[in-house]
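**Q** Got a predicted model here, sequence first, then my questions.
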Amino acid sequence: MLLAIDIGNSNTVIGLFPLGEKACGKPIDSFRTETHRKMTADEWGVLIQSLLSHSPSRSMEIKSLICSSVVPSLNQVIAEMAEKYFHSPVLFVSHRSDTGLVFKYPNPSEIGADRIVNAVAVDVIYGGPALIVDFGTATTYCALSKGHEYLGGVIAPGLSTSMEALTAKSAKLPSIDLERPESLLGKSTVHAMRSGIYFGAIYALEGFISQLREELSFEDAQVIVTGGFSQLIRSGTEAIDFVDPQLTLKGLEILYYKNSFSQTGQDLP
């Protein structure tokens, strides 16, 4: 079995894939947990093993691991965990990995591993030109050309980040769960907050997509979205072509087969 780990600033997503001659394109099982920055290798090992114990594939041995991480302080911890609990090195994704992409970016090392993985997944599964939107701690937009070129993107505050900032800086505003409001015009404080965050995200999405299409001459570009709020946002706009909640995990599996596993564990971005 291949264990794919996507470490984000807020959440870590874990996927299980069968090992074979090529990517299967869909995890057998997946799990989402909060990203714990201060956990030790042992604590990560126990957590992952506990999650895997609830999988139908729990009896199958983990033989390989691949990881994308935007929390560099956890990379060595995850590497130690993998050696101790799964007796395997980890392939860490970076701009130096064999991605099949051409980075039209002055300093590719600045590109987050999650954005690279998403771009690889879209390039293989959907093809370019494409605009990729990931609704995570930050909302990121990435542009991919038909010629497998990663052209750059936009980084904006994420929905949960915006909500937290709003309540932290405003004494009278309560913490809320994000839902689609019944109307744009709020009839209560909670309604008004939900409207601002929800429709603000949609109008930002539609605006960014429109301007990126114009700037890049991407009239025929597909728009693929992923991330925790992707389904919620999809319900309020026609600007999205595909929602793929497991895009990053799929990209990790693709990258595993693109890269020589003999080199894993040597790249800790």
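**A** Ah, there it is. Numbers count the residues shown, from 1 in each chain.

**Q** count of residues packed around Val243?
**A** 17 (other CB atoms under 10 Å). The C-beta positions use only the backbone N, C-alpha and C, and glycine is treated the same way.

**Q** Return the residues in contact with it.
**A** By CB atoms under 8 Å, 6 or more residues apart in numbering, the residues touching Val243 are 224-226, 230-231, 234.

**Q** just the buried members of these?
**A** Buried members of the contacts of Val243, counted by 16 or more other CB atoms under 10 Å: 224-226, 230, 234.

**Q** Just name the closest of those to Asp29, please.
**A** Closest approach to Asp29 among these (CB to CB): Thr226, at 18.1 Å.

**Q** wait, is that closest one part of a helix?
**A** No - per DSSP: H, G, I helix; E, B strand; the rest coil, Thr226 lies outside any helix segment and is strand.

**Q** how close does Gly228 get to Pro56?
**A** Distance, Gly228 to Pro56, using CB to CB, to the nearest Å: 24 Å.

**Q** Roughly how far does the closest residue to Ser235 other than its chain neighbours sit from His87?
**A** Once flanking residues are discounted, Ser235 sits nearest to Arg180: 6.0 Å by CB to CB, 6 or more residues apart in numbering. Distance of Arg180 to His87, computed by CB to CB: 46 Å.

**Q** Lys26 too?
**A** On the measure of CB to CB, Lys26 and His87 end up 26 Å apart.

**Q** I figured Val122 hits Thr226, correct?
**A** No - if you go by CB atoms under 8 Å, Val122 and Thr226 don't touch, sitting 9.2 Å apart.

**Q** residues touching Phe229, list them.
**A** Counted by CB under 8 Å, 6+ apart, Phe229 has contacts 135, 158-160, 178, 201.

**Q** Gly128 now?
**A** Per CB under 8 Å, 6+ apart, neighbours of Gly128: 122, 144-149, 221.

**Q** quick one: which of Arg180 and His87 has more around it?
**A** Arg180 (13 against 10).

**Q** Okay, the nearest residue to Lys146 once chain neighbours are set aside and Glu43: tell me how far apart.
**A** Sequence neighbours aside, Gly128 is the residue nearest to Lys146 in space, at 4.4 Å (criterion: CB to CB, 6+ apart). Gly128 sits at a distance of 40 Å from Glu43 (criterion: CB to CB).
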